[in-house]
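Asker: I'll drop the sequence and a predicted model, then ask my questions.
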Amino acid sequence: MAVCGYAVGASNPSGGININGSGNPMTQGEFLELFRAAAPLLAACIAGLVAYKFGSIQAEISKRQAATAIAAATIAQNKLKLDLFDRRMAIFQAVSETITKTLSKKSFTAEDKLMFEVKVQSAQWLFNHQLYGYLTTTLMEKLEDLHIAHDEYETFPQELTEEGQSQLEERRKKCTDELKKQLYGLDVYFSPYLKLGVAGEP
């Protein structure tokens, strides 16, 4: 029988294997020696194949881990942005509600002032210095101005002349209009910070 170009004797009296049809049989010992000689090469091939396969698996695992890490970082960043947005929005709403309430009641008492200061205290860490200064100084003064102007108008003495009364009324109206202007301008002040896509300073 021919195997890969070699003639192998099927019935050799000596029990050996004929190679090249020469009639000289290869004994089992010689065959084992040949196998032992080829074993390291075979083992190296198998090891290389295993190493390649293992490396491919490791590379795929590393790729998936990297993708998972990127996704986790993106989720964390989006959560931080959303949390920052919520905290800023809470201050915006508190300021808007305070102005609206003051315009409605024409009153901004010491208690109202204290509550307002508490509500906007965290603004110093959530907005820039200019906006925080506006809330705690400029806006605060305009809230107090309306309160004072209204109080003076409501409690002016009876002997006050008509011209004096008119001046008090005009001052109250001016303070009211000025505070309304602040209310309408809040969007301009806060809009750079109330965008979900912007987590840092504008």
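Answerer: Cool, the structure landed. Numbers count the residues shown, from 1 in each chain.

Asker: contacts and neighbour counts: CA atoms only from here.
Answerer: Fine.

Asker: the residue sitting nearest the centre point of the chain and I70, how far apart?
Answerer: Residue closest to the average C-alpha location in the chain (CA atoms, centre = their mean): Q77, at 1.4 Å. When distance is defined by CA to CA, to the nearest Å, Q77 is 10 Å away from I70.

Asker: got it, and K105?
Answerer: 52 Å.

Asker: what about this protein, any weak spots by pLDDT?
Answerer: 1-26, 31, 35, 197-202 (pLDDT under 70).

Asker: packing partners for the longest helix seen in it?
Answerer: As assigned by DSSP state H, the longest helix anywhere in the chain is helix 28-105. Contacts defined by 3 or more CA pairs under 8 Å, 6 or more residues apart in numbering; DSSP states H and E place helix 28-105 against helix 110-120, helix 123-126, helix 139-154, helix 162-190.

Asker: can you add distance to C45 and give those helices back as JSON lines?
Answerer: Below are these laid out as JSON lines (distance: least, CA to CA, whole Å):
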{"stretch": "helix 110-120", "distance to C45": "72"}
{"stretch": "helix 123-126", "distance to C45": "63"}
{"stretch": "helix 139-154", "distance to C45": "80"}
{"stretch": "helix 162-190", "distance to C45": "68"}
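
Asker: out of the ones you listed, which gets nearest to S56?
Answerer: Between S56 and these, the shortest separation by CA to CA is 47.5 Å, and it involves helix 123-126.

Asker: could you pull out the buried residues of the closest one?
Answerer: A123, L126 (16 or more other CA atoms under 10 Å).

Asker: next one: stretch 120-137
Answerer: Buried residues in stretch 120-137 (16+ other CA under 10 Å): V120, A123, L126, F127, L131, Y132, L135, T136.

Asker: and if you look at stretch 171-181?
Answerer: R171, R172, C175, T176, L179.

Asker: also stretch 148-163?
Answerer: Applying 16+ other CA under 10 Å to stretch 148-163 flags I148, A149, H150, E152, Y153 as buried.

Asker: okay, that stretch in PDB with CA atoms only?
Answerer: C-alpha atoms of stretch 148-163 as PDB (Å, rounded to 0.1, in the frame of the first residue of the first chain):
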ATOM      1  CA  ILE A 148     -38.500 100.100  51.200                       C
ATOM      2  CA  ALA A 149     -40.200 102.100  48.500                       C
ATOM      3  CA  HIS A 150     -43.500 100.300  49.000                       C
ATOM      4  CA  ASP A 151     -43.300 100.700  52.800                       C
ATOM      5  CA  GLU A 152     -42.600 104.400  52.500                       C
ATOM      6  CA  TYR A 153     -45.500 104.800  50.100                       C
ATOM      7  CA  GLU A 154     -47.900 102.900  52.300                       C
ATOM      8  CA  THR A 155     -46.900 104.700  55.500                       C
ATOM      9  CA  PHE A 156     -46.300 108.300  54.300                       C
ATOM     10  CA  PRO A 157     -47.600 111.000  56.800                       C
ATOM     11  CA  GLN A 158     -50.900 112.600  56.000                       C
ATOM     12  CA  GLU A 159     -49.400 116.000  55.900                       C
ATOM     13  CA  LEU A 160     -47.200 115.000  53.000                       C
ATOM     14  CA  THR A 161     -47.900 117.100  50.000                       C
ATOM     15  CA  GLU A 162     -49.400 115.700  46.800                       C
ATOM     16  CA  GLU A 163     -46.100 116.200  45.000                       C
END
